[in-house]
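[1] Quick one: sequence and predicted model below, then my questions.
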Amino acid sequence: MASGPGPAPVAAGPVPGASSAEPQWAVIQHVDHEGPGLIGEALRQAAIPFDVVRPDRGEQLPDSGSTGGLVVMGGPMGVHDVDDHPWLDAERTLVSAVVRMGRPVLGICLGAQQLAMALGSTVTRGAAAEVGIGRVELTGSGRLDPVLGPEYGGLATTTIPCVHWHQDTFSIPDGAAHLAATRAFPHQAFRWGHRVYGLQFHVEVSRELAAAWRPHLPEGVELNVARLSEVETVGRRLLRRLVDRSVAPSPTTSASPPGPVGGSGPAAGWSR
């Protein structure tokens with residue numbers, strides 16, 4: 001899918017009031033219309049400084065040693081499309097290095113697939129695309145998770161509203177907690193360690209971000225305003241908990257990802 005004009009990147013750079021000694025976070029964006037959305041809002045509310053980096057425009061990826069945390073967004077490319085997007089391998093190496101340093105990482109859709117591969121998992125193509133406003137079902141581990149779990153309200157409400165836009169999927173990394181599923185794509189979310197999260201689905205979609213997405217959605221797919229409002233409300237709560245957990249001291253020491261990083265393979269198709 002060709003990218004089109006979209007809103008300016010969200011509030012990159014130091015946040016007023018933040019300590020100058022605090023390491024910058026990096027938000028890696030892969031296409032014009034898929035900015036940080038509510039993730040940027042949550043980081044600003046927590047006074048966490050961040051830069052938006054665009055490897056698709058030739059911008060240099062940050063150095064892992066100076067990266068306080070990492071957010072990797074979605075995009076229309078697949079993790080195996082390194083011939084067309086050679087920066088994918090370098091991005092995956094960065095993800096692995098930041099994880100090894102015990103720092104926070106959040107992968108959204110393509111970003112979650114990059115994170116899964118960096119942790120030694122496989123990324124494959126599903127039978128059909130999953131696109132539009134929907135829900136994910138929390139697993140047993142998901143209901144106990146400190147970020148996703150608080151949305152669990154009993155047997156009648158075991159799901160989280162979200163926006164889907166993908167066809168690729170990942171296996172759950174060894175040692176990770178499997179947090180959410182749908183019938184079509186059972187592997188929707190995982191947590192590795194204390195503060196590394198991969199979400200196949202989107203909870204960062206604000207009304208403004210949705211407006212940028214609409215011209216690029218497949219024909220017949222709509223983002224209903226009322227249902228989107230529910231996604232936005234839940235997304236704000238969920239992402240704020242994730243950011244708060246990310247900056248809290250980790251109860252465990254950092255560990256190395258169990259699998260290899262990088263490499264290329266056959267194109268995996270649509271991947272967000």
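    In hand now; what should we look at?
[2] tell me the contacts of the nearest residue to Ala210 once chain neighbours are set aside?
    Nearest non-adjacent residue to Ala210, counting by Cβ to Cβ, 6 or more residues apart in numbering: Leu223, 4.9 Å away. (C-beta placed from N, C-alpha, C; glycine too.) Leu223 sits next to 132-133, 163, 205, 210, 213-214, 217 when contact means Cβ atoms under 8 Å, 6 or more residues apart in numbering.
[3] just checking, which of those belong to helices?
    210, 213 (DSSP state H).
[4] May I have the phi/psi pair for the residue nearest to Ala210?
    The phi/psi pair for Leu223 (degrees, to the nearest 10) reads phi -110, psi 90.
[5] got the contacts of Leu223 as TSV, with neighbour count columns?
    Below are those laid out as TSV (neighbours: other Cβ atoms under 10 Å):
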residue	neighbour count
Gly132	16
Ile133	20
Val163	26
Val205	23
Ala210	20
Trp213	18
Arg214	11
Leu217	16
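[6] thought Pro55 was touching Met73?
    No - contact between Pro55 and Met73 fails when scored by Cβ atoms under 8 Å: they sit 10.9 Å apart.
[7] between those two, which one's more packed in?
    Neighbour count, other Cβ atoms under 10 Å: between Pro55 and Met73, Met73 has more, with 24 against 19.
[8] partners of the spatially most central residue of the chain in the sheet?
    Nearest to the mean C-alpha position of the chain, by Cα atoms, centre = their mean, lies Ile108 at 1.7 Å. Per DSSP bridges, the residues bridged to Ile108 are Leu199.
[9] quick one: pLDDT of it?
    With respect to pLDDT, Ile108 has a value of 98.
[10] Now for it: which residues touch it?
    39, 71-74, 199, 202, 204.
[11] ok, now with 7 Å
    Residues in contact with Ile108 (Cβ atoms under 7 Å, 6 or more residues apart in numbering) are 72-74, 199, 202, 204.
[12] Can you pick out the most distant pair from the residues you listed?
    Spanning the widest gap among the contacts of Ile108 are Val72 and His202, at 13.1 Å by Cβ to Cβ.
[13] Of these two, which one has the most company?
    Val72 (29 against 25).
[14] Quick check on that one: phi, psi?
    According to degrees, to the nearest 10, Val72 has phi -120, psi 120.
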